[in-house]
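In: sharing a model that was predicted from the sequence below.
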Amino acid sequence: MATPLWWEELVGISQALADADRAAVERWRGPVVDTAEEDEDDVPPLTVRLGTLGAVFGEQSAEFAPEQSRRVLRLLERILAEGGDEDGTAVATGFFEAVLNAWDEGFDLRSVWTDVGPQSRAHCRAWNDFTGVRTPRWMR
């Protein structure tokens, strides 16, 4: 699967994101025997990669400066609002569902909620409804 053009911008926001993505791709590819024949498109599916980044965003939130968090969330909102269906679905079901999972595990989602865009918020609330999670007042 080809990596979308916006991917480098996303992982370039934070070393934690870049490191997590690099490790996920290395695990996916397995041991490299001959780097001369490395296939740049041999990467995990986009939803899986975004799920990894969403988990890192939640689990390592203390490592993200407020501006980095804003940049991540704004970029992903732009993709949800203006990107193609495949990219938007991957952002929603990969990144934001992983972030909601991290919230269930103790991530302070409320601390970044003001930076979450309207499309992203709508997906988070819909996911809560779908999974039977009570949406707190601050999410509405």
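Out: That came through fine.
In: ok, W138 touching R110?
Out: Yes. Counting by CB atoms under 8 Å, R110 is a contact partner of W138 at 5.5 Å. C-beta here means a position set from N, CA and C on the backbone, and glycine is covered the same way.
In: just the pLDDT at T3, thanks.
Out: Listed pLDDT for T3 reads 88.
In: need the phi and psi values for it.
Out: Dihedral pair for T3: phi -80, psi 130, per degrees, to the nearest 10.
In: which other residues reach the longest helix belonging to the chain?
Out: For the chain, the longest helix by residue count, based on DSSP state H, is helix 66-82. If you take CB atoms under 8 Å, 6 or more residues apart in numbering as the criterion, helix 66-82 is touched by 6, 9-10, 13-14, 17, 57, 61, 64, 87-88, 91-92, 95-96, 112, 115-120, 123.
In: tell me the helix or strand right after it.
Out: helix 85-90 (DSSP states H and E).
In: quick one: distance of that following helix to the chain centre.
Out: Centroid separation for helix 85-90 versus its chain: 12 Å, with CA atoms, centre = their mean, to the nearest Å.
In: same thing with stretch 57-70?
Out: 12 Å.
In: what is the end-to-end distance of it?
Out: End-to-end span of stretch 57-70 (CA to CA, to the nearest Å): 12 Å.
In: how about that stretch: buried residues?
Out: Neighbour-count burial for stretch 57-70 flags F57, G58, E59, Q60, S61, F64, Q68, S69, R70 (criterion: 16 or more other CB atoms under 10 Å).
In: nearest to N101, of these?
Out: G58 (7.3 Å; CB to CB).
In: please, which helix or strand holds that closest one?
Out: helix 46-59.
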